[in-house]
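>>> Kindly return the folded structure for what I paste below:
(2 chains)
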Amino acid sequence: MTELEYIDLKECILAENEGDAQEVRDLLKEKKVFLWNIMSSPGSGKTTFIIDIIQRLGEQYRFGVIEADIESTVDAEKMQALGVPTVQLRTGGGCHLDAAMVMEALKKMPLDALDIIIVENVGNLVCPAEFDVGATLATMLLSIPEGDDKCIKYPLMFTVTKAVIVTKMDVAPYFDFNFEALEHNTRRLNDDLRIFPVCVKNGEGMEAVVNWLTDQFSSYL
Amino acid sequence: MHELPLTKGIFKSVMRKAESVDAAAINRVVLEIGVLQDFIPEYVQKYWDYISRGTIAEGSLIEIRDKDGEAECGRCHTHYNITRANMFDVHCPSCGYEYGNMLSGNELRIVGIEIVKKET
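Numbers count the residues shown, from 1 in each chain, chains lettered A, B, ... in the order given. Predicted coordinates:
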């Protein structure tokens, strides 16, 4: 006769990643480097936004970039053209970055010569929210064409981000994006969340983002 | 598709535990998934079947239990329950305020496994 036995486990599935994320945090604290994780759907304008931020703040801070892409290296090439130390991580089909991959990238970066490392995460609203990469600050971009209902579909993302930067405001007249609905739904889960409507192309709203970011950077650096 | 890497992690933990208790076979794996997680049970089972083929876990069942979350009122700091159904229309039971901060709900946990012991 076979005997069945039930064994309690109480094990967090992401425990290993959480340990790795803590190692990333410890290293960055020692090196006084701020790690900024930027998440969003594909095509929301992450690369364009990052280039604009570096152009605006590049005199004040020494930036580095970690680019994550499933296959290509096109974004990393754009960053290198700016003269910013860049490490490309190709996830080879994987839908997110984890803390161990970020640690590998950090080992290839001149940490003593950097203040801020921007992580351009894989375009995806699900997995990147699950995997803490050890970031000092996590923010997300949400572009006008994606709509205001993403919070209802991907609630976890909106609880791990400190700010939602709503991009492509110049096309807002052509879409039914409802800012009140976005604020209403996100604050249900994250009352402290900041929402910044911007258009990188014409500069609308960027000053407010830059001021807020500068506060975030200076409270850590 | 994000269930795949997570299912691989679950498999690693479950096999480690099963070996440490001398299991001959694994029958059932019980997971607890927070209300904020987007985790499709059918996918997890499908990936599990694939990963566990040819091991003592082959043919085992994944049981997923939803776990409610907890939020803290943004005004009076009372704690209240968050379910998938009430997430976007819940109000603080104490002061009626509609906004808050999630304190939990992102759990992804293995709570237990049911095994067949090796015959001694």
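>>> CA only for contacts and neighbour counts going forward, please
Noted.
>>> tell me the contacts of the closest residue to A:R194 other than its chain neighbours?
Excluding the flanking residues, the one nearest A:R194 by CA to CA, 6 or more residues apart in numbering or on different chains is A:A163, at 4.5 Å. Contact analysis of A:A163 by CA atoms under 8 Å, 6 or more residues apart in numbering or on different chains lists A:138-140, A:193-196.
>>> Could you give the bridge partners of A:A163?
A:T139, A:R194 (DSSP bridges).
>>> all helices for chain B, in order.
B:3-20, B:41-51 (DSSP state H).
>>> The shortest one vs helix B:3-20, what angle?
Same thing as helix B:41-51. 60 degrees (axes from the mean of the first three to the mean of the last three CA atoms, to 10 degrees).
>>> is chain B contacted by the longest helix seen in chain A?
If you go by DSSP H, chain A has its longest helix at helix A:15-31. No - figure legend: helix A:15-31 not in contact with chain B (CA under 8 Å from any CA of the partner chain); closest approach 8.9 Å.
>>> Tell me the strands beside the helix or strand that that helix is followed by, with direction?
Under the assignment DSSP states H and E, the closest C-terminal helix or strand after helix A:15-31 is strand A:34-39. With DSSP bridges as the criterion, the sheet partners recorded for strand A:34-39 are strand A:116-120 (parallel), strand A:137-143 (parallel).
>>> If you count neighbours, what's buried in the longest one?
Okay, so that is strand A:137-143. By 16 or more other CA atoms under 10 Å in any protein chain shown, the buried positions in strand A:137-143 come out as A:137-143.
>>> The residues you listed into JSON lines, with extra columns for distance to B:T7 and pLDDT?
What follows is the buried residues of strand A:137-143, written out as JSON lines (distance: CA to CA, whole Å; pLDDT from 0 to 100):
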{"residue": "A:L137", "distance to B:T7": "28", "pLDDT": "98"}
{"residue": "A:A138", "distance to B:T7": "25", "pLDDT": "98"}
{"residue": "A:T139", "distance to B:T7": "27", "pLDDT": "98"}
{"residue": "A:M140", "distance to B:T7": "26", "pLDDT": "98"}
{"residue": "A:L141", "distance to B:T7": "28", "pLDDT": "98"}
{"residue": "A:L142", "distance to B:T7": "29", "pLDDT": "98"}
{"residue": "A:S143", "distance to B:T7": "31", "pLDDT": "98"}
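>>> Would you reformat the residues you listed as a markdown table and include distance to A:K201?
Output for those, formatted as a markdown table (distance: CA to CA, whole Å):
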| residue | distance to A:K201 |
| --- | --- |
| A:L137 | 24 |
| A:A138 | 23 |
| A:T139 | 20 |
| A:M140 | 18 |
| A:L141 | 15 |
| A:L142 | 15 |
| A:S143 | 13 |
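>>> so where is the chain shaky, pLDDT-wise?
Answering for chain A, as no chain was given. The model of chain A has pLDDT under 70 over residues A:1-2.
>>> that's the wrong chain, I meant chain B
B:1, B:120.
>>> What's the biggest strand in it, counting residues?
Longest strand in chain B, counting residues (DSSP state E): strand B:23-34.
>>> repeat for chain A
Per DSSP E, chain A has its longest strand at strand A:4-12.
>>> tilt between that strand and helix B:3-20?
Using the same axes, to 10 degrees, strand A:4-12 lies at 130 degrees relative to helix B:3-20.
>>> For chain B, see how far away A:V33 is.
Distance from A:V33 to chain B, counting by CA to the nearest CA, to the nearest Å: 28 Å.
>>> isn't that residue right up against A:A113?
No - in this structure, A:V33 is not within contact of A:A113 by CA atoms under 8 Å, at 9.3 Å.
>>> buried set for the longest strand of chain A?
Applying 16+ other CA under 10 Å to strand A:4-12 flags A:9, A:11-12 as buried.
>>> filter these by proximity to chain B?
Within the buried residues of strand A:4-12, those near chain B by CA under 8 Å from any CA are A:9, A:11-12.
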